[in-house]
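Q: return a 3D structure for these sequence lines:
(one chain, ligands or ions: 1)
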Amino acid sequence: MRNHTRRCTICVFLMLILCGTGPAPPAAAGEPAAVPLPPPQTNGGKPLMQALALRATSRAFAPDPIPAQTLSNLLWAAWGINRPGNGKRTAPSARNRQEIELLVVRADGTFLYDAAANRLLPVAAGDHRALTGVQSFAKDAPLTLLLVADASRIPGGGKDPEALQMAWADAGYISQNIYLFCASEELATGARASIDRPALARALGLKESRIILLAQGVGRPAR
Ligand SMILES: Cc1cc2nc3c(=O)[nH]c(=O)nc-3n(C[C@H](O)[C@H](O)[C@H](O)COP(=O)(O)O)c2cc1C
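A: A predicted model of the protein is given here:
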């Protein structure tokens, strides 16, 4: 019986690793480690109608960093897993392709939101906020979320315009989730499509399969 239990535990562990949702392997020497996030607080906030009444685009941000708890809540609201049983999320996605990746661009580096493990995975070192928009205020937000499509999850590898439109639609839902969370938390935010995409992709070392769709700054409102 005990052997059977041990075999089951090992199987579950191997399945988690194969599915990519298990614990991260330890970082090699010199490699940046994953950053765990506090569990998201999934209740509270303003009533939906109040958040809708407050939703607006802002282009002026205070420099104050966003606390880890607020970031965890923001990422969950934007594109977190709200049904762990089937891995579905707070935003819909066409055919449940879940092709959008959420990157967090901060002064201390750029990170990928790993929703399943609720952590940030390092993507690039350095401060690349200024490259997240062609407008000068892009650099001012303490963090910018990048909505990036993984073309390997899109039929036609991102070359089929109709399939790409679905990725843009999926990004739109996530962007609105960000807007509504920020309205609820009295944070400033604004979507941006005006981005020098090749320059940003180069700076972040993104694979060719990654298509930058939108950037969205988040921070406290400028005082
Ligand atoms: C897809 C999309 C792209 C946008 N791109 C930019 C942008 O590059 N720069 C900018 O300042 N605002 C951008 N905006 C914000 C719009 O200008 C803003 O939503 C519009 O003026 C209406 O204002 P509101 O969001 O406060 O209602 C974008 C909005 C959307 C939905």
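Q: the bottom helix or strand of the chain by mean pLDDT?
A: Here the helix or strand of the chain ranked lowest by mean pLDDT, DSSP states H and E is helix 2-18, holding a mean of 39.
Q: residue ranges of the strands in the protein, please?
A: 35-36, 81-83, 88-89, 100-106, 109-114, 119-124, 143-150, 188-192, 210-219 (DSSP state E).
Q: outside of the first one itself, list whatever touches it.
A: Strand 35-36 has contacts (CB atoms under 8 Å, 6 or more residues apart in numbering) with 111, 118-122. In short, each C-beta sits where N, CA and C put it, glycine included.
Q: and if you look at the fourth one?
A: Under the criterion CB under 8 Å, 6+ apart, residues 65, 71, 75, 78-79, 93, 110-113, 115, 120, 123, 127-129, 132, 142-150, 167, 170-171, 174, 204, 210, 213, 215 lie in contact with strand 100-106.
Q: kindly give a single PyMOL line that selects the buried subset of those residues.
A: Here is the PyMOL command that picks out the buried ones among the contacts of strand 100-106, judged by 16 or more other CB atoms under 10 Å:
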select buried, resi 71+75+78+79+93+110+111+112+113+115+120+123+128+129+132+142+143+144+145+146+147+148+149+150+167+170+171+174+204+210+213+215
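Q: please tell me I have it right and Pro221 contacts Asp64.
A: No. With contact defined as CB atoms under 8 Å, Pro221 and Asp64 do not form a contacting pair (10.1 Å).
Q: who has more neighbours, these two?
A: Each of Pro221 and Asp64 has its neighbours counted (other CB atoms under 10 Å); Pro221 has more, 13 against 10.
Q: ok, now which ones touch the more buried one?
A: Contacts of Pro221 (CB under 8 Å, 6+ apart): 58, 60-62, 186-188.
Q: got it, and Ala188?
A: With CB under 8 Å, 6+ apart, Ala188 has these contacts: 58, 60-62, 141, 182, 217-222.
Q: which of those residues count as buried?
A: 58, 61, 141, 182, 217-220.
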